[in-house]
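Student: 3D model of this:
(chains A and B)
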There are 2 protein chains.
Amino acid sequence: MKITQAERDAVYKTIFNRRDVRSEFKSDTIPDDVLMRILTAAHHAPSVGFMQPWDFVIVKSDETKQRLKQGFLKANAEAELLFEGERKDQYRALKLEGILEAPIGICITCDRTRTGPVVLGRTANLDMDLYSSVCAVQNLWLAARAENIGVGWVSIIHDEVLHQTLGIPEHIVPVAYLCLGYVSTFYEKPELEKKGWLRRRPLETLIHEEQWQAK
Amino acid sequence: MKITQAERDAVYKTIFNRRDVRSEFKSDTIPDDVLMRILTAAHHAPSVGFMQPWDFVIVKSDETKQRLKQGFLKANAEAELLFEGERKDQYRALKLEGILEAPIGICITCDRTRTGPVVLGRTANLDMDLYSSVCAVQNLWLAARAENIGVGWVSIIHDEVLHQTLGIPEHIVPVAYLCLGYVSTFYEKPELEKKGWLRRRPLETLIHEEQWQAK
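Tutor: Now for the predicted structure:
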C-alpha cells in the first residue's frame, strides 16, 4: 500500500506536534469509538515474535485517580529531594501530571509470560517484550494526537502503586500510565524546552557515520 | 495545531500498514534528505525530562554489515536450540533479518548518563530513558513507512556485537539495530501472522475496565 505525499506530510505534522500534556486537559468526554480507534492503533504496534504482550487498563473513576494522584505526590516528594538550589525551585514550579483532570487514564502493561517462556526474537535480548509495549505507547500517543487528544505520561509513580491500585498481577509490568483528554491548547514546543529546563540537542551531534564518534 | 480528519486517516493508514521487513528490501539508495527527515522524526520522540538520550549510528558499508550478519548468525544458532520439534522447523524456515540486503542500517542507542545523574521523571523508574529511545525507534519506523521505506528490527544479536562492531562506548546501550530500505512489497499483515506463527489477539481480551480482570 502506497503512502502519498500528502499522507506523509500528515504523519510528520502529527509527529512534530505531539506533546506531553500536563496542564491543558479539558473535562470533555472522549467518545468510546474514538477511544477504541486509539487502542486499536496501540494494538497494531510492532511486537517481538508477534507476542503482543500489552494490556490496557482504562481508568475513569475519580476514586482510582485520587489513589494514583497520592502515589504521584509521594514519588514526587522523593524526587524533589534529589534536586538542589535553583534547579529544585524550578522543579517544584513545574506541573508534571494531570491525573485528576484528564477524563481517561490508561495503564499499558507488559505480560512477560505471554506465549510461553521462549519468544522468537527475544532470545538475545530479554527486554524486547518491554520495548514492544513501549512501541504500543508511542502508537497510542500519535493516534491520540491525530484525534486532537492530548496524552501525558506519568512516570513519577512507583510500580507498586499501579499494581495495587489497578489490581495488576505481580508478573505483569506496568510500563506506562498515560493521561488522555482533549486540550485547551497544544504547546508549539515541548513544555520543558519552552520553560528552559533543557534545550533541544542539534540533530547533527547525535548522528554517527559507520562508527561511534566522540562529539 | 488542529489535525484534520484526512490527516488523521493518513496516520492510521501508516500505523496499520507498518511492517517488520526482512525479505523484501531493494538495493535502491535512500536519498540523504529522506534519511534526514526520518531521523528528525525520531529525534522528536518524547523523552523523559527532555533528556533526548538517543544517538544514531548509520551503517552503510558492506564490511560493517558482514560483521553484524555474523553476529546475527551466532545468536540465531543459539536461538534455534531453544525451539523443539515442529516449532523448530518452522523457526528455521523463517528469514528473520535483512542486514546485508538493506542499504542502510541504523543503531539507535541510549546514553544513560546524558544530562547527569538525576533526570526529571526518571526518579521512580530508572528505565524511562531506555523507553524514550524506544519511542524514537517507533517514530522512525512510522516516518519511514510514510516515506514508503521498510524497516526491520534485528533483535537476534548480542549487545557486545553492536558495541564492538560500531565502537559504541560501554555506558551507551544499543537499544535497536534497524535495517532500512525501499521494498518490493509490504505484506498486508504481519509476516508472523501470515505464516501462522501466532494469531492476532482479539483487542477486547486486552482491555480492562478500572481494574485488571482475569480473561
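Student: rest of the way, CA atoms for contacts and neighbours
Tutor: Will do.
Student: for the longest strand along chain A, what is the average pLDDT?
Tutor: Determined from DSSP state E, the single longest strand within chain A is strand A:172-182. For strand A:172-182, mean pLDDT is 98.
Student: is any part of the following helix or strand past it close to chain B?
Tutor: Once strand A:172-182 ends, the next helix or strand along the chain (criterion: DSSP states H and E) is helix A:191-194. Yes. Counting by CA under 8 Å from any CA of the partner chain, chain B has neighbours in helix A:191-194: A:192-193.
Student: ok now helix A:191-194, how far from the chain's centre?
Tutor: 17 Å (CA atoms, centre = their mean, to the nearest Å).
Student: What of stretch A:103-111?
Tutor: 9 Å.
Student: Alpha carbons only: can I get it in CSV?
Tutor: Extracted C-alpha coordinates of stretch A:103-111, given in CSV (Å, rounded to 0.1, in the frame of the first residue of the first chain):
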residue,chain,number,x,y,z
PRO,A,103,-11.0,12.2,31.8
ILE,A,104,-9.2,8.9,31.0
GLY,A,105,-6.2,7.2,32.3
ILE,A,106,-4.7,4.2,30.6
CYS,A,107,-2.1,1.8,32.1
ILE,A,108,-0.2,0.0,29.3
THR,A,109,1.4,-3.2,30.7
CYS,A,110,3.7,-6.0,29.6
ASP,A,111,2.9,-9.6,30.3
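Student: hmm, that stretch in reach of chain B?
Tutor: No. For stretch A:103-111, no contact with chain B is found by CA under 8 Å from any CA; the gap never falls below 9.1 Å.
Student: Show me what that stretch is in contact with.
Tutor: The contact list for stretch A:103-111, computed with CA atoms under 8 Å, 6 or more residues apart in numbering or on different chains, reads A:26-30, A:53-60, A:65, A:99, A:129-130, A:133, A:137, A:171-181.
Student: Compute the inter-axis angle for the one helix or strand residue A:142 maps to and strand B:172-182.
Tutor: Residue A:142 is part of helix A:128-146 when elements are defined by DSSP H and E. Computed by axes from the mean of the first three to the mean of the last three CA atoms, to 10 degrees, the angle separating helix A:128-146 from strand B:172-182 equals 60 degrees.
Student: related to what we said a few turns ago, can you give the strand pairings for the longest strand of chain A, parallel or anti for each?
Tutor: Note on strand A:172-182: by DSSP bridges, its sheet partners are strand A:104-111 (antiparallel), strand A:149-154 (antiparallel).
Student: centroid residue for chain A?
Tutor: residue A:153 (4.0 Å; CA atoms, centre = their mean).
Student: list the contacts for that one?
Tutor: A:20, A:97, A:176-179 are the contacts of residue A:153 under CA under 8 Å, 6+ apart.
Student: re earlier: and the contacts of stretch A:103-111, which of them are buried?
Tutor: Among the contacts of stretch A:103-111, those buried by neighbour count (16 or more other CA atoms under 10 Å in any protein chain shown) are A:26, A:53-60, A:65, A:99, A:129-130, A:133, A:137, A:172-181.
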